[in-house]
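[1] structure, please.
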Amino acid sequence: MKAAVILLPGLNRDRDMIAALTDIAGEPPLTIWQTETSIPDDIGLIVIPGGFSYGDYLRCGAIAARMPVMKAVREKAERGTRVIGVCNGFQILVEGGMLPGALMRNSSLKFVCREVELEIANNKTVFTSAYAQGQVIRCPVAHHDGNYFADAATLDQIEANDQVVLRYANGTNPNGSVNDIAGIVNKAGNVLGLMPHPENLITAAHGGTDGRALFESALDLVDA
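    Coordinates of the predicted model:
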């Protein structure tokens, strides 16, 4: 499966994501600039990396979500293409209406940069199939606005639909997210948003490989 990485002004994790996808897939992903209005048909996975798109002005991801390329991403997602938004990418997906809820300031009102533990809350998705249900993995985080929130009705709905795929585990919630939510998918299950950075834990040089299986799952590199 071919992958593409969306490029926007202010993103600073694009090289990390490109390196991770190249290592895992064996070929570099296509890079797509913000002004593009279409995405090639042969792209099966679109990734929006983390950073500070447009300096996080207005709200994190609010400006980026309205760039021409995001209309193309939305159209591809509606046709079933897999999409991953990491950190600022998650914020962009939420601001663009592709995922429910909101991402607010961390409860500490401080930027957090450390390793957390994540529980695989749903391994029956195209992004988590290489993990075991309930498995706890390590993953780094680096964000200021990662506090996931949804109103009671929305929260009940995403919980009932098993749209929560990752939760902060063992008391490592770094931002105050409701229900310890670290990552969710849309109703169709082909769009994933998560605050942690699995691309930064995919080789032994990173100190572990816990994040690798997420991309292997998404790229259909997992043995059936």
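[2] can you pull out the strands in this structure?
    2-7, 30-33, 43-48, 82-86, 102-104, 112-120, 136-143, 147-149, 164-168, 181-185, 191-194 (DSSP state E).
[3] OK, contacts around the closest residue to residue 155 other than its chain neighbours?
    Among residues not flanking residue 155 along the chain, residue 178 sits closest, at 6.4 Å (CB to CB, 6 or more residues apart in numbering). The way it works is simple: take the backbone N, C-alpha and C, and place the C-beta from them, glycine included. Taking CB atoms under 8 Å, 6 or more residues apart in numbering as the criterion, residue 178 is in contact with 148, 149, 150, 155.
[4] which of those are buried?
    Buried by 16 or more other CB atoms under 10 Å: 148, 150, 155, out of these.
[5] could you say which one of the strands of the chain comes nearest to residue 220?
    In terms of CB to CB, the element of those nearest to residue 220 is strand 43-48, at 7.8 Å.
[6] which outside residues touch the closest one?
    Contact partners of strand 43-48, identified using CB under 8 Å, 6+ apart, comprise 1-6, 8, 17, 21, 29-30, 39, 73, 76-77, 81-86, 88-89, 92-93, 218-220.
[7] that strand to strand 82-86, inter-axis angle?
    Strand 43-48 runs at 20 degrees relative to strand 82-86, counting by axes from the mean of the first three to the mean of the last three CA atoms, to 10 degrees.
[8] and strand 43-48, C-alpha only, in CSV?
    Output in CSV follows, covering the C-alpha atoms of strand 43-48 (Å, rounded to 0.1, in the frame of the first residue of the first chain):
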residue,chain,number,x,y,z
ILE,A,43,-2.6,6.3,-2.3
GLY,A,44,-4.0,4.0,0.4
LEU,A,45,-2.8,5.7,3.5
ILE,A,46,-2.7,9.4,4.2
VAL,A,47,-0.8,10.7,7.3
ILE,A,48,-1.0,14.2,8.8
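[9] and it, how far out from the chain's middle?
    With CA atoms, centre = their mean, to the nearest Å as the basis, strand 43-48 stands 11 Å off its chain's centre.
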